[in-house]
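Q: Please find the sequence and the predicted model below.
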Amino acid sequence: MSALFNFKSLLQVILLLICSCTYIHAQWPSLLDRYKDHSAFGAFWKMARVGERASPYVSLACILMAISQLNN
């Protein structure tokens, strides 16, 4: 089943994108900053900002996702 039709999988994909974009922005800030104003690549910059500003909540969500995966 596609991640678009399964809500749990969609949340996992979004959470992993946020974590990945935050890591990339921390390692190479210029990579995402140059596409900040573009529509398609700007979404990755916005995900990195969410990961930076809401990092305790994102980490808690990652832990909950891991526990959920272990229970399945």
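A: Cool, got the structure.
Q: What confidence value was assigned to the residue nearest the centre of the chain?
A: The structure's the chain has its C-alpha centroid closest to residue 18; by Cα atoms, centre = their mean the separation is 1.2 Å. With respect to pLDDT, residue 18 scores 90.
Q: Need the distance between the two termini of stretch 33-42.
A: With Cα to Cα, to the nearest Å as the measure, stretch 33-42 spans 9 Å from end to end.
Q: Check what contacts it and list those residues.
A: Defining contact as Cβ atoms under 8 Å, 6 or more residues apart in numbering, one finds that stretch 33-42 is touched by 25, 32, 44-45. To be clear about C-beta, it is placed using only N, CA and C from the backbone, and glycine gets the same treatment.
Q: Would you check those and say which has the weakest pLDDT?
A: Least confident by pLDDT among the contacts of stretch 33-42: that is residue 32, with 84.
Q: Give the buried residues for the one helix or strand that one maps to.
A: Assessed by DSSP states H and E, residue 32 sits inside helix 29-33. By neighbour count on 16 or more other Cβ atoms under 10 Å, the buried set for helix 29-33 is residue 32.
Q: Next: stretch 61-72.
A: For stretch 61-72, by 16+ other Cβ under 10 Å, it's residue 61.
Q: same deal with stretch 17-28?
A: 17-19, 21-22, 24-25.
Q: In PDB, could you pull the C-alpha coordinates for stretch 60-69?
A: Output in PDB follows, covering the C-alpha atoms of stretch 60-69 (Å, rounded to 0.1, in the frame of the first residue of the first chain):
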ATOM      1  CA  LEU A  60       9.700  12.900  20.800                       C
ATOM      2  CA  ALA A  61       7.800  12.000  17.600                       C
ATOM      3  CA  CYS A  62      10.800  10.000  16.400                       C
ATOM      4  CA  ILE A  63      10.900   8.100  19.700                       C
ATOM      5  CA  LEU A  64       7.200   7.400  19.500                       C
ATOM      6  CA  MET A  65       7.500   6.200  15.900                       C
ATOM      7  CA  ALA A  66      10.400   3.800  16.900                       C
ATOM      8  CA  ILE A  67       8.300   2.400  19.700                       C
ATOM      9  CA  SER A  68       5.400   2.000  17.400                       C
ATOM     10  CA  GLN A  69       7.500   0.100  14.900                       C
END
